[in-house]
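[1] pasting the sequence and the predicted model now:
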Amino acid sequence: MESLPTTTAKSERRWRSKPLQNSRPTLLLAFFSCVAWLYVGGRLWQDSESRALLVSLLKRNADQRPKVLSVEDKLTVLGCKDLERRIVEAEMDLTLAKSQGYLKNQLRQSGSSSAQLLAVIGVYTGFGSKSKRHVFRGSWMPTGDALRKLEEKGVVIRFVIGRSANRGDSLDRIIDEENRSTKDFLILDGHEEAQEELPKKAKIFFSTAVQNWDAEFYVKVDDNINLDLEGLIGLLDRRRGQNSSYIGCMKSGDVISEDGKPWYEPEWWKFGDEKSYFRHASGSLMILSKNLTLYININSASLKTYAHDDISVGSWMMGVQATYIDDSRLCCSSIRQDLLGESVFDNISELFPDKVCSLA
């Protein structure tokens with residue numbers, strides 16, 4: 001009877017120790033489960049914040065999202081690329097044709113028995129320079145029958161002007177009406193008349209002039225010059241047969257790199273550390289022989305222009321074997337102080353040229 005309680009006590013102790021041994025893995029499992037839930041919850045919280053941020057960014061940039069191209073849009077893009085390729089090919093074919101002697105009026109010129117002209121003189125003008133043109137016609141530039149007789153002697157003179165930015169407006173109609181009366185304009189239909197487009201105007205003028213007239217020389221003159229026409233004709237006549245002639249008042253100078261200053265050159269960095277222009281003929285009056293003018297016409301699609309027309313022409317001449325002829329008589333002197341008082345001249349500067357070229 002005494003051994004029975006002892007056995008019962010041992011079994012109770014064994015029963016009480018089992019829960020303590022089994023609770024350790026459970027606690028560990030619960031701990032790791034809490035850590036895992038905390039990790040998963042943190043990631044989900046981060047993902048929700050990221051999604052909220054992306055949604056806000058998409059809403060903010062909804063207007064800036066790229067448009068989904070339709071099939072028609074893609075075909076349009078492909079068509080533009082194909083058109084651009086064909087334009088480049090056409091320009092190359094045109095350049096090749098020009099280099100082989102095919103010009104705009106080549107058939108008319110080849111069929112004509114008339115002798116080669118001495119010179120084509122282009123006088124730059126603008127829409128607001130009607131008063132200056134009247135002054136020129138009343139001074140050194142012949143008009144009417146005298147202009148036609150001069151052409152018979154081998155010298156063609158034309159006012160050179162482009163078209164208005166708004167084609168066919170009152171500016172264009174005024175020039176067309178004036179030209180019907182005087183017949184002394186060379187209208188550049190492919191050029192937009194503007195001060196900043198003068199370099200392109202030089203390119204188009206020389207190209208158009210050599211296509212319309214067969215001459216030994218082509219002359220560009222500004223509309224602020226009182227020109228000695230007889231002296232110029234004599235100068236050109238003495239230089240007949242001199243190919244590759246680039247004639248003018250040769251100069252160079254500093255490149256203006258400060259925006260806002262007169263004669264600013266946006267591409268000043270191309271002229272080296274010294275910021276100095278190469279030798280070139282002053283823009284007031286420059287003369288090119290026929291072969292140099294043909295070079296401009298042939299390569300007009302690829303010739304680079306700068307901010308000023310005389311610099312542009314000078315850069316084109318650097319690429320060929322041009323003969324630079326510096327004639328100081330073409331350095332047209334200012335008559336602002338010589339003829340009139342400065343205050344008086346300022347009041348009538350729109351009517352009278354402020355430079356004179358005496359070629360005696």
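    Happy to help now that I have it. Residues are numbered from 1 along each chain as shown.

[2] do you have the strands of this structure handy? List them.
    Secondary structure of the chain by DSSP state E: the strands cover 117-124, 155-163, 185-192, 215-221, 225-227, 245-251, 280-289, 323-326, 333-334, 355-357.

[3] looking at the ones you listed, which is nearest to Asn299?
    When those are compared by CB to CB, strand 280-289 sits nearest Asn299, at 13.6 Å. Just so you know, the C-beta spots here come from the backbone N, C-alpha and C atoms, and that holds for glycine as well.

[4] against which helices or strands is the closest one packed?
    The contact analysis (3 or more CB pairs under 8 Å, 6 or more residues apart in numbering; DSSP states H and E) places strand 280-289 against strand 215-221, strand 225-227, strand 245-251, helix 309-317, strand 355-357.

[5] wait, which of the ones you listed is closest to Glu258?
    helix 309-317 (16.9 Å).

[6] and the closest one, which residues are buried?
    If you call a residue buried by 16 or more other CB atoms under 10 Å, then helix 309-317 has these buried ones: 309-317.

[7] and the helices in the chain?
    For the chain, the helices defined by DSSP state H occupy 3-60, 71-99, 106-111, 130-137, 144-152, 170-182, 198-212, 229-238, 290-298, 309-317, 336-339, 342-348.

[8] before we move on, back to that, closest one of the buried residues of helix 309-317 to Asn226?
    Distance to Asn226 across the buried residues of helix 309-317 (CB to CB) is lowest for Asp310, with 19.5 Å.

[9] distance of that closest one from Trp316?
    From Asp310 across to Trp316, the span is 11 Å (CB to CB, to the nearest Å).

[10] again with Phe205
    From Phe205 to Trp316 the distance is 13 Å (CB to CB).

[11] just Ala194 next, same as before
    According to CB to CB, Ala194 and Trp316 sit 21 Å apart.

[12] mind showing which ranges of this structure have poor pLDDT?
    Residues of the chain that meet the criterion pLDDT under 70 lie in 1-22, 41-49, 58, 60-79, 81-82, 84, 88-89, 91-114, 334-356, 358-360.

[13] what residues are up against the residue nearest in space to the middle of it?
    For the chain, the residue sitting closest to the mean C-alpha position, by CA atoms, centre = their mean, is Thr305 at 6.7 Å. By CB atoms under 8 Å, 6 or more residues apart in numbering, the residues touching Thr305 are 199-200, 203, 312.

[14] can I get those in CSV with distance to Leu288?
    Putting the contacts of Thr305 into CSV (distance: CB to CB, whole Å) gives the following:
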residue, distance to Leu288
Pro199, 15
Lys200, 17
Lys203, 12
Ser312, 13
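
[15] and those residues, which two are furthest apart?
    Farthest-apart pair in the contacts of Thr305 is Lys200 and Ser312; separation 8.5 Å (CB to CB).

[16] partner residues bridging Ile121?
    In this entry, Ile121 is beta-bridged to Ile157, Val219, by DSSP bridges.

[17] okay but it is in contact with Asp222, surely?
    No: counting by CB atoms under 8 Å, Ile121 sits too far from Asp222 to count as a contact (11.8 Å).

[18] tell me which of the two has more neighbours.
    For Ile121 versus Asp222, neighbours defined as other CB atoms under 10 Å are more numerous around Ile121 (26 against 19).

[19] spit out the contact partners of the more buried one.
    Residues near Ile121 by CB under 8 Å, 6+ apart: 155-158, 219, 221, 232.

[20] please, a PyMOL command that selects the buried ones among these?
    The PyMOL command for the buried members of the contacts of Ile121 (criterion: 16+ other CB under 10 Å) is given here:
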select buried, resi 155+156+157+158+219+221+232
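
[21] got the contacts of Ile121 as CSV, with distance to Gly190 columns?
    What follows is those, written out as CSV (distance: CB to CB, whole Å):
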residue, distance to Gly190
Val155, 25
Val156, 20
Ile157, 22
Arg158, 16
Val219, 21
Val221, 21
Leu232, 28
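
[22] farthest pair in the contacts of Ile121?
    Of all pairs drawn from the contacts of Ile121, the widest gap by CB to CB lies between Arg158 and Leu232 and measures 14.8 Å.
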